[in-house]
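Chemist: Generate a structure from the sequence data that follows.
(one chain, ligands or ions: 1)
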Amino acid sequence: MLKVAIVGGSGYTGFELLRILALHPNAQVTEATSRQYKGKAVAEVFPSLSGFYDRLRFSEPEDLKGLGADIAFSALPHGVSQGAVTELLKSSRVIDLSADFRIRDLSVYRAWYGDHASAELLKEAVYGLPELKRKEIKGARLVANPGCYPTSAILALVPLLKEKLADASSIIVDSKSGVSGAGRSAALDTSFVEVSHGFKAYKIGSHRHTPEIEQELGAIAGAEVSITFTPHLLPVSRGILSTVYVDLAKGVSMKEVLSLYRAFYEKEPFVRVMDEGRFPDISQVRASNFCDLGVFVDEKKGKAIIVSAIDNLVKGASGQAVQNMNIMAGFPETTGLIAPPVSI
Ligand SMILES: NC(=O)c1ccc[n+]([C@@H]2O[C@H](COP(=O)([O-])OP(=O)(O)OC[C@H]3O[C@@H](n4cnc5c(N)ncnc54)[C@H](OP(=O)(O)O)[C@@H]3O)[C@@H](O)[C@H]2O)c1
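Modeler: Residues are numbered from 1 along each chain as shown. Predicted coordinates for the structure are as follows:
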């Protein structure tokens, strides 16, 4: 049985790791940390987990390197995670859910996030998008789990960029996220009354996921990529829908793009390419590790519109992290992760 620790176990992604791992046949959560809930039973803090973690209590260990886990998930805020990860790596392989190790270029990290206390690990960390980096993830000591918006945007664009059928300088990513994307701590901007009857764009031109998307798409395209990315806050608890626009090479047809996506993702257990004329809905991926993709080509305008839907807490965070854990541990990649979405 693989021993697993969750550092930052009381947040939304921490909860989601606990929920998913509760049914994992080959992994056992032996430690979950939280400062505010130290000493409390996991089921007391998260009543929906009653009966699944009867002996597990939140802890606040002084010494993270002594957790004794085979794999440690860090579900801490960025900036905080980097120090924790350095300690965790002394005794465990680590999957970091924060943004701290996703950006390979330190100057880019500094420009968007500020200083980095463990910069020497940036080059070692493997960007944990299984559909692209399975081989590297398998042997990694440190996996940087992708961001939620980047997961939805990158999976929507990889086939076109890999085949050089699209103009990488024309990419527009228009994304909408549920409120859990902002984390569990209370804030006026994300409180019920402030968001429940509204819908707005935020951080236009300045969202920190921009350089992550550009880095990964640039690596695929083999050239620098600069995108236009506009996130929006949807008044739902979870889900991300990204509508991605890109100019196509001359004469590329709907049929061609659809069969390209079908072939590219044919063997991927968590990417579902929809039939022509059908498009994703966040409710159809809710609480699942699926990424649904819908493809449209405006042949007159030479433009592709790809719609991508994920659950930000699952394929956008903890489900993808467990997928990475499965790869690292040599388990079948889908272990503990295949279930129909909770669509109603
Ligand atoms: N929410 C998403 O959709 C999503 C998606 C992808 C990636 N992520 C990333 O995943 C990480 C966790 O996100 P989240 O949404 O789960 O956040 P969250 O709900 O705010 O939870 C943060 C966790 O970290 C702990 N924590 C906070 N500040 C800390 C500090 N200074 N020192 C030690 N522990 C601290 C909190 O517990 P205590 O306060 O009790 O210690 C809590 O367990 C973030 O880096 C986030 O960017 C989130």
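
Chemist: three-state assignment of the residue found closest to Val273 once you drop the neighbours it is linked to in the chain?
Modeler: Closest residue in space to Val273, ignoring its immediate chain neighbours: Tyr261 at 4.7 Å, by C-beta to C-beta, 6 or more residues apart in numbering. Quick note: C-beta positions are derived from backbone N, CA and C, even for glycine. Put simply, Tyr261 is helix when judged by DSSP: H, G, I helix; E, B strand; the rest coil.

Chemist: what separates Tyr261 from Gln215, distance-wise?
Modeler: According to C-beta to C-beta, to the nearest Å, Tyr261 and Gln215 sit 23 Å apart.

Chemist: Could you check which of those two is surrounded by more residues?
Modeler: Tyr261 (22 against 19; other C-beta atoms under 10 Å).

Chemist: got a list of what that one touches?
Modeler: Counting by C-beta atoms under 8 Å, 6 or more residues apart in numbering, Tyr261 makes contact with Pro159, Val273, Leu293, Val295.

Chemist: What subset of those is buried?
Modeler: By neighbour count, with 16 or more other C-beta atoms under 10 Å, those hold Pro159, Val273, Leu293, Val295 as buried.

Chemist: just checking, which of these belong to helices?
Modeler: Pro159 (DSSP state H).

Chemist: Wait, Gly302 touches Leu248, no?
Modeler: Yes: Gly302 is within contact range of Leu248, at 5.0 Å (criterion: C-beta atoms under 8 Å).

Chemist: Who has more neighbours out of these two?
Modeler: Leu248 (21 against 17).

Chemist: got the residues of this structure near the ligand?
Modeler: Proximity of the chain to the ligand is confined to 8-14, 34-37, 75-78, 80-81, 97-99, 147-148, 180-181, 183-185, 312-313, 316-317 under the rule C-beta under 6 Å from any ligand atom.

Chemist: Burial check on Ala111, number of neighbours?
Modeler: Neighbour number of Ala111 under other C-beta under 10 Å is 11.

Chemist: can I see the domain layout of this structure?
Modeler: Annotated domains of the chain cover 2-146+315-329, 148-313 [automatic domain parsing].

Chemist: residues near the residue of the stretch 1-150 of the chain found nearest the ligand, how many?
Modeler: Across the stretch 1-150 of the chain, the shortest distance to the ligand (C-beta to the nearest ligand atom) belongs to Gly11, at 1.8 Å. Gly11 is flanked by 20 other residues according to other C-beta under 10 Å.

Chemist: What's the end-to-end length of stretch 179-192?
Modeler: Chord length of stretch 179-192, first to last residue, is 9 Å (C-alpha to C-alpha, to the nearest Å).

Chemist: Could you pull out the buried residues of it?
Modeler: Val179, Ser180, Gly181, Ala182, Thr190.

Chemist: Using CSV, lay out the residues you listed together with secondary structure.
Modeler: Formatted as CSV, those follow (three-state DSSP):
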residue, secondary structure
Val179, helix
Ser180, helix
Gly181, helix
Ala182, helix
Thr190, helix
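
Chemist: for these, which one is nearest the ligand?
Modeler: Once C-beta to the nearest ligand atom is applied, the member of the buried residues of stretch 179-192 that ends up nearest the ligand is Gly181, at 4.1 Å.

Chemist: need the contact list for the residue nearest to Val271 when sequence neighbours are not counted.
Modeler: Closest residue to Val271 apart from its sequence neighbours, by C-beta to C-beta, 6+ apart: Tyr265 at 4.2 Å. Residues near Tyr265 by C-beta under 8 Å, 6+ apart: Glu131, Pro159, Val271, Arg272, Val273, Leu293.

Chemist: so the fifth one sits right up against Val295, yeah?
Modeler: So that's Val273. Yes: under the criterion of C-beta under 8 Å, Val273 makes contact with Val295 at 7.0 Å.

Chemist: okay, and the common contacts of the two?
Modeler: Counting by C-beta under 8 Å, 6+ apart, the shared contacts of Val273 and Val295 are Leu258, Tyr261.

Chemist: so which helix or strand takes in Ala304?
Modeler: strand 303-310 (DSSP states H and E).

Chemist: From the contact counts, what lies against that strand?
Modeler: When contacts are defined as 3 or more C-beta pairs under 8 Å, 6 or more residues apart in numbering; DSSP states H and E, strand 303-310 packs onto helix 148-162, strand 240-247, strand 291-298.

Chemist: Give me the neighbour count for Asn326.
Modeler: 22.
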